[in-house]
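Colleague: Give me the fold of what follows.
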Amino acid sequence: MQRKSKISASRKLMLKSLMVAKAKEELEQEVLVKEEEKQKYLAEKAPPLNTGGFSLAQLQDLCRELHAKIDVVDEERYDIEAKVMLNTREIKDLNIKVLDLRGKFKRPNLRRVRVSADAILRSLLGSKHKVSMDLRANLKSVKKEDTEKKRPVEDSDWRKNVEAMSGMEGRKKMFDAAKGSAQ
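Modeller: Residues are numbered from 1 along each chain as shown. The predicted structure follows:
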């Protein structure tokens, strides 16, 4: 038994559209806040340069100061990159250890493909060589009638034969029977 919804379809649609509009407004506000934070950070870290009215010596000092700041930032960037590389390498090693400890490797599903010997030879040697390999030609043919004549089928009850074959006399009979059939 299905329960009927307490809210009509038009009411649901109106609520959904209101939720989407609210989410859109919040997203726009978030983008504006991030942009303001970015501008504030840039104004603090990189103030605009006033080069008007500077002498040559003052410009050279300013350039040296900027180069020193660039060097510091590059060193920090290099250190952070080295830490990230070390952490990623460590994460890879730990993942490998986890897989080894589990002992389970994802094995692909293999499908059986029927390929004839001729097709294998063609793929190995190329299409220029015409080699056919008939594996059945070298096999010895065996007739079913011959195998049935060699081994007679015993329909007798095995319980009747147990007493006759028990003890040393039974073993001697089996030995003699085997010796007689071999000659």
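Colleague: what mean pLDDT does the longest helix along the chain have?
Modeller: In the chain, ranked by residue count with DSSP state H as the criterion, the top helix is helix 56-102. Averaged over helix 56-102, pLDDT sits at 92.
Colleague: any low-confidence regions in this structure?
Modeller: Applying pLDDT under 70 to the chain picks out residues 1-5, 104-106, 127-138, 143-175, 180-183.
Colleague: Next, count neighbours for Ala21.
Modeller: 10 (other Cβ atoms under 10 Å). Quick note: C-beta positions are derived from backbone N, CA and C, even for glycine.
Colleague: How about the one 4 residues further on?
Modeller: Neighbours of Glu25 under the rule other Cβ under 10 Å: 10.
Colleague: how near is it to Leu101?
Modeller: Distance, Glu25 to Leu101, using Cβ to Cβ, to the nearest Å: 49 Å.
Colleague: List phi and psi for Ser8.
Modeller: The phi and psi values for Ser8, taken as degrees, to the nearest 10, are phi -70, psi 160.
Colleague: Outline the domain layout of this protein.
Modeller: What the TED database lists as the domains of the chain is 14-47, 55-105.
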